[in-house]
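S.K.: Generate coordinates for the sequence data below:
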Amino acid sequence: MYNTGLVSISFRKHSPAEIIAASRAAGLSCIEWGSDVHAPAGDEKNARDIAARMADAGLFTCSYGTYFRAGVHPAEGVYEYIRTARILGTDTLRIWAGDGFYEDYQKQGKKELFDSFRALAAIGEKEGVTFCTECHVKTYTESLEGAREMFGEIDSPRLLGYWQPSQFKTVEENLAYARAMAPKTTHIHVFQWRNPKVIRYPLSEGAEEWKNYLRCFEGDRCLLLEFMPDDRIETLKREADSLREIIAGV
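M.R.: Residues are numbered from 1 along each chain as shown. Model prediction:
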């Protein structure tokens, strides 16, 4: 049911070659490449090099983690990201649902944001790619209310979402979001963080929470480790082992 992988931004200081080697050694099968450092949009030579290294390592690119923001960046600007994603070998692009909290958009800007989503869904249908909104703080889809409204307004198979637990919400709130949005969810970002100080913990400390989270989702998913508790690439193998143990217990 699951492919286990990594979000490349977890190791911004490391090269793609180092990340690929560490992912292979950790027994992972896929990587989401970020457009900010490792795979900038438009750098086709670099993207081809990454794709070749991935093939040699027996890994695949599950998604392209862009920093394209719907409602902020012009929709036509997404084409450069599409071209780079295709070179990397994926038709799934992570995007961001605006640049503001759900409550802020109720005051102004919601129409423009939704118009941007509609334009992106149309581009996705034309180009055969899928845009997935980041489930992240200070975006429209951070809250369950925002995600429900957005996906209710724009019902397209080319506009879906990611899921990740929010460190600012309770486990019960995160479970409610996961259950409600599971049919619209593609990949899942995996980490164990807690508020109020946003402290990172080893994934093993959240094993029971994560088993319950994963029970909310049916079908194939990519589970992508994001950041390490200590930011060390050497910790990846341990966290990958913990993720596999969690999967085995679901």
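S.K.: Distance-wise, check H187 relative to A52.
M.R.: Going from H187 to A52 by C-beta to C-beta, to the nearest Å gives 23 Å. Heads up, the C-betas are built off the backbone N, CA and C, glycines and all.
S.K.: Neighbour count for the two, which is higher?
M.R.: Each of H187 and A52 has its neighbours counted (other C-beta atoms under 10 Å); H187 has more, 25 against 10.
S.K.: chain center to the helix or strand in which that one is found, what's the gap?
M.R.: Under the criterion of DSSP states H and E, H187 resides in strand 185-190. Here strand 185-190 is found 6 Å from its chain centre; the criterion is C-alpha atoms, centre = their mean, to the nearest Å.
S.K.: Which residues does whichever helix or strand comes after it contact?
M.R.: Toward the C-terminus, strand 185-190 is succeeded by strand 193-194 as the next helix or strand (DSSP H and E). Defining contact as C-beta atoms under 8 Å, 6 or more residues apart in numbering, one finds that strand 193-194 is touched by P165, Q167, I199, R200, Y201.
S.K.: Tell me if I am right that the second one is in a helix.
M.R.: To tie it back to what came earlier, the one meant is Q167. No - secondary structure of Q167 (DSSP: H, G, I helix; E, B strand; the rest coil): coil, not part of a helix.
S.K.: Make sure it is actually in contact with V198.
M.R.: Yes - assessed by C-beta atoms under 8 Å, Q167 is found in contact with V198 at 5.5 Å.
S.K.: So G124 sits against T130, correct?
M.R.: Yes - between G124 and T130 there is a contact under C-beta under 8 Å: 5.9 Å.
S.K.: Run a quick neighbour tally on the closest residue to H38 other than its chain neighbours.
M.R.: Closest residue to H38 in three dimensions, ignoring its sequence neighbours and counting by C-beta to C-beta, 6 or more residues apart in numbering: S8, at 4.8 Å. Applying other C-beta under 10 Å, we find 26 residues neighbouring S8.
S.K.: Next: T185.
M.R.: With other C-beta under 10 Å as criterion, T185 counts 22.
S.K.: Give me the pLDDT value at it.
M.R.: With respect to pLDDT, T185 scores 97.
S.K.: what sits against it?
M.R.: Residues near T185 by C-beta under 8 Å, 6+ apart: L160, G161, Y162, W163, A178, F217, R221.
S.K.: Out of the residues you listed, the closest to I19 would be?
M.R.: Of all the contacts of T185, Y162 has the smallest distance to I19: 19.7 Å, by C-beta to C-beta.
S.K.: Just say helix, strand or coil for the closest one.
M.R.: Classification of Y162 using three-state DSSP returns strand.
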